[in-house]
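In: quick one, what's the 3D model for this:
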Amino acid sequence: MKTNEEHKLHIKFLRAAVKMAEKGVKAGKGGPFGAVIVKDGKMVAKGYNRVTSSNDPSLHAEVDAIRKACKKLGSFELTGCIIYSSCEPCPMCLGAIYWARPKALYFAADKHTAAKYGFDDKFIYEQIALPYEQRSIRTHIINLENKEDPFNLWNKQENKIEY
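Out: Reported below is the predicted structural model:
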């Protein structure tokens, strides 16, 4: 059971994520999304959506904050961190969050609220589940004879960093 103090902290950081979303919208940077990353009760990174201003479809708020936090912490993992997002993360951001391995994720608005305003990710989830030949973006797999070479090279590396 969370204490009242913990709950207040979660509310504080979620509000900060919403403020980041508002900051990005007011600056004309992109969609209405913001995120902050917290470790040991301190904000280590924040970000907002900059897709349209950067011409980068991957520059979502969560990805922006994850990149900044990882750089600041000197790690590709966000061990012990909490990600606060103004909205339920899209499939791409959710994937990035899982790869970053924080201890928790909190968000304010859900995907249904986002869809109401034109940010509907349902089609992406549907596309992922389809066989390649049925996807709306033509997707092909070509069976190259050396397709496993990079993996074999990786396995032989003695100084690799597992992730």
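In: can you list the weak-confidence ranges in the chain?
Out: In the predicted model, the chain carries pLDDT under 70 at residues 1-2.
In: what segments of it are helices?
Out: 4-26, 51-54, 61-73, 91-100, 111-116, 122-129, 149-156 (DSSP state H).
In: how about residues contacting the third one?
Out: Contact with helix 61-73 is made by 17, 20-21, 24, 33-37, 39, 44-50, 76-78, 81, 83, 85-86, 89, 92-93, 96-97, 100, as judged by C-beta atoms under 8 Å, 6 or more residues apart in numbering. Yep, even glycine has a C-beta here, placed from its N, CA and C like the rest.
In: just those: which are in strands?
Out: Among these, the members falling in strands (DSSP state E) are 34-37, 39, 44-48, 81, 83, 85-86.
In: looking at the residues you listed, which is nearest residue 124?
Out: Taking C-beta to C-beta as the measure, residue 124 lies nearest residue 85 of the ones in strands among the contacts of helix 61-73, at 16.9 Å.
In: what's the burial count for that closest one?
Out: Using other C-beta atoms under 10 Å, residue 85 has 30 neighbouring residues.
In: was I right about it contacting residue 108?
Out: Yes: using C-beta atoms under 8 Å, residue 85 is in contact with residue 108, at 7.4 Å.
In: which neighbours do the two share?
Out: residue 17.
In: number of nearby residues for residue 102?
Out: As a measure of burial, residue 102 has 19 neighbours, counting by other C-beta under 10 Å.
In: got the contact list for it?
Out: Applying C-beta under 8 Å, 6+ apart to residue 102 gives the contacts 37, 78-83.
In: please list only the buried members of those.
Out: Listed as buried from the contacts of residue 102 are 37, 78, 81-83; burial here means 16 or more other C-beta atoms under 10 Å.
In: derive a ChimeraX selection command for the buried subset of the contacts of helix 61-73.
Out: For the buried members of these, the matching ChimeraX selection, counting by 16+ other C-beta under 10 Å, is:
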select :17,20,21,24,33,34,35,36,37,39,44,45,46,47,48,49,50,78,81,83,85,86,89,93,96,97,100
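In: what about residue 89, distance to residue 64?
Out: Counting by C-beta to C-beta, to the nearest Å, the gap from residue 89 to residue 64 is 12 Å.
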